[in-house]
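Peer 1: Sequence first, predicted coordinates after that:
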Amino acid sequence: MIKIKSIRNKILVWVFLLFLAIWGGISYATFYQSSHEVEELFDSELAQAAGVLSQFASVVDLSHPMIDPKLQKDIYGHRYEKKIAFQILGNNTLNLHSANAPTTIMSNTAGFSDQIINNNLWRVFRLNVKEQNQVIITAERYDVRNELIHEITKNSLYPLTLMIPILLFIIWVGIDRGLSPIRKLAKQIRQRSPEKLEPISVNFEIPNEITPLFSALNSLFGKLKAAFERERRFTSDASHELQTPLASIKTQAQVAIRSDNKDTQRHALEKVVEGIDRATHMVQQLLSLARLEPLTSLDETSDLNLYSLTQTVISELDAESHKKNIELSLDGEESIQIKGNQPAIEILISNLLSNAIRYSPEQGHVDVAIKKVSDRVQLSVSDSGPGIPEQDIKRVFERFYRGQNCQHILGSGLGLSITQRIAELHNATINLSHNPDNGLVVTVEFVAKN
């Protein structure tokens, strides 16, 4: 099968095939109707001719010896006349017949019938006149009828046949004009610079058929613009935020190189390690945020046991909590399940617990509670840290924002931003509140799995 890539050519081919089908249908209908009408007309003429000959035979003694049974005629008034014949019988005797009629009886069947006479198909009508003991037979070769049927059909279809190329040309022009908005739209897109990602605006009417394509293109441009903005923001944020730890690392390394005092060198190298840890943590958080930001939904989701996941994360952070002698506790229903992406949920829990450990003082405590309230599942993390002032609560979800009372604590200011994004992707909500015993309570509410 030949593949047609052009929409216009494909439409033209289908229209042409449709015209052929219509033309074939009309041809058949015309031929059928013409055949029926011609048959009716010529049959009526045969019957009428038989009636006239019957009247003639009733008043003329055709058995008279002066009358030649064969009606001689050398000159014909019409070319069809040779294809018309008749016979008049009296007492089963052929009294009179046309010059082109056989001497044998053309039909033994009353009424109309089809007969083979002299290797030709004839339409024959036999009229039996019982009162006069006469039989009138009129006949006509089918050649006459077929020729007339073909002429009528041909003359009927001739105008339509001439109109097909004209109609195809008109349709071609119409399709060409109908597709012009696509060409204009393609030209406008082709002329756009790569940096121009604003929605397409046109000064012509967009047809309904390409409106979905037009909307999809504008949506794609919007997504590309947002993606490029995220990339620029990520690059800018990374370069800006990494300047401080890298500068600190460089400074401490220079101190270690220039100093001959081992204690000073050791202290400087410890600061280098601390700076590397901070830069590593920030890069990891930036990469996590870069992966999560473009997503509109999570494809790989499964049924997750929130209690078991939290236990796993707590065990991974056990060494970090022991450094500050912080007590980690987990309380809740062990069978509670949610639907989500396991790696993302683990990052969410890890960020909440890491923040709680980081901001809690030495020998503090971090309490994790999991419970089901109606059709929601609540994950709460409470710490014994300094908490967040009221003026900072609305801003802590901003990237790289850190409150005034925690500038001395190692962190990147990205943890809560990542946590909020993961919550959004799971149709969950995240709220901050003050711990009555001092500190902060972060509560994430998931939709419970039915």
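Peer 2: Everything's here; your move. Numbers count the residues shown, from 1 in each chain.
Peer 1: what about the helices in the stretch 251-400 of the chain?
Peer 2: 262-292, 306-316, 318-323, 342-359, 390-393 (DSSP state H, counting those that start in this stretch).
Peer 1: for the ones you listed, which one sits closest to Phe204?
Peer 2: Nearest to Phe204 among the helices of the stretch 251-400 of the chain is helix 262-292 (39.7 Å), distances taken as Cβ to Cβ. Bear in mind the C-beta positions are built from the backbone N, C-alpha and C, glycine included.
Peer 1: hang on, the earlier thing: out of the helices of the stretch 251-400 of the chain, point me to the one whose mean pLDDT is lowest.
Peer 2: Least confident of the helices of the stretch 251-400 of the chain, judged by mean pLDDT, is helix 390-393 with a mean of 68.
Peer 1: Distance-wise, check Arg145 relative to Thr138.
Peer 2: 14 Å (Cβ to Cβ, to the nearest Å).
Peer 1: So if I had to pick from these two, which one is more boxed in?
Peer 2: Shown here are Arg145 and Thr138; by other Cβ atoms under 10 Å, Thr138 has more neighbours (27 against 20).
Peer 1: for that one, helix, strand, or coil?
Peer 2: Three-state assignment for Thr138 (DSSP: H, G, I helix; E, B strand; the rest coil): strand.
Peer 1: Mind pulling the model confidence for it?
Peer 2: For Thr138, pLDDT reads 90.
Peer 1: Going by residue numbers, what spans are strands in the chain?
Peer 2: 70-71, 84-90, 93-98, 111-117, 120-129, 134-141, 302-305, 327-332, 337-340, 365-373, 376-382, 429-434, 440-447 (DSSP state E).
Peer 1: same for the longest helix along the chain, what does it pack against?
Peer 2: Across the chain, the longest stretch assigned as helix under DSSP state H is helix 7-59. Applying 3 or more Cβ pairs under 8 Å, 6 or more residues apart in numbering; DSSP states H and E, we find helix 7-59 packed against strand 84-90, strand 120-129, strand 134-141, helix 142-178.
Peer 1: Give me the angle between it and strand 120-129.
Peer 2: 40 degrees (axes from the mean of the first three to the mean of the last three Cα atoms, to 10 degrees).
Peer 1: Now do helix 7-59 against helix 142-178: the angle between them, please.
Peer 2: Using the same axes, to 10 degrees: helix 7-59 against helix 142-178 is 160 degrees.
Peer 1: picking up where we left off before, mean neighbour count and distance to Pro207 for the helices of the stretch 251-400 of the chain - can I get that in TSV?
Peer 2: As requested, the helices of the stretch 251-400 of the chain are arranged in TSV below (neighbours: other Cβ atoms under 10 Å; distance: least, Cβ to Cβ, whole Å):
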stretch	mean neighbour count	distance to Pro207
helix 262-292	16	39
helix 306-316	17	51
helix 318-323	12	62
helix 342-359	21	42
helix 390-393	12	51
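Peer 1: on that earlier part again, could I get the helices and strands packed on helix 7-59 as JSON lines with distance to Ile276?
Peer 2: Below are these laid out as JSON lines (distance: least, Cβ to Cβ, whole Å):
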{"stretch": "strand 84-90", "distance to Ile276": "117"}
{"stretch": "strand 120-129", "distance to Ile276": "108"}
{"stretch": "strand 134-141", "distance to Ile276": "111"}
{"stretch": "helix 142-178", "distance to Ile276": "65"}
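Peer 1: Nearest approach to Asp383 belongs to which of those?
Peer 2: helix 142-178 (66.4 Å).
Peer 1: Just the buried residues of the closest one, please?
Peer 2: For helix 142-178, the neighbour count (16 or more other Cβ atoms under 10 Å) marks Tyr142, Val144, Arg145, Leu148, Ile149, Ile152, Thr153, Ser156, Ile171, Ile175 as buried.
Peer 1: close enough to count as contact, the fifth one and Ser35?
Peer 2: It refers to Ile149. Yes: the pair Ile149 / Ser35 is scored as a contact, 5.2 Å apart, by Cβ atoms under 8 Å.
Peer 1: Distance of Phe228 relative to Ser193?
Peer 2: Distance from Phe228 to Ser193, by Cβ to Cβ: 13 Å.
Peer 1: These two: which has the busier surroundings?
Peer 2: Taking other Cβ under 10 Å, Phe228 and Ser193 do not tie; Phe228 has more neighbours (13 against 6).
Peer 1: Chain neighbours aside, what residue packs nearest to that one?
Peer 2: Leu197 (6.9 Å; Cβ to Cβ, 6 or more residues apart in numbering).
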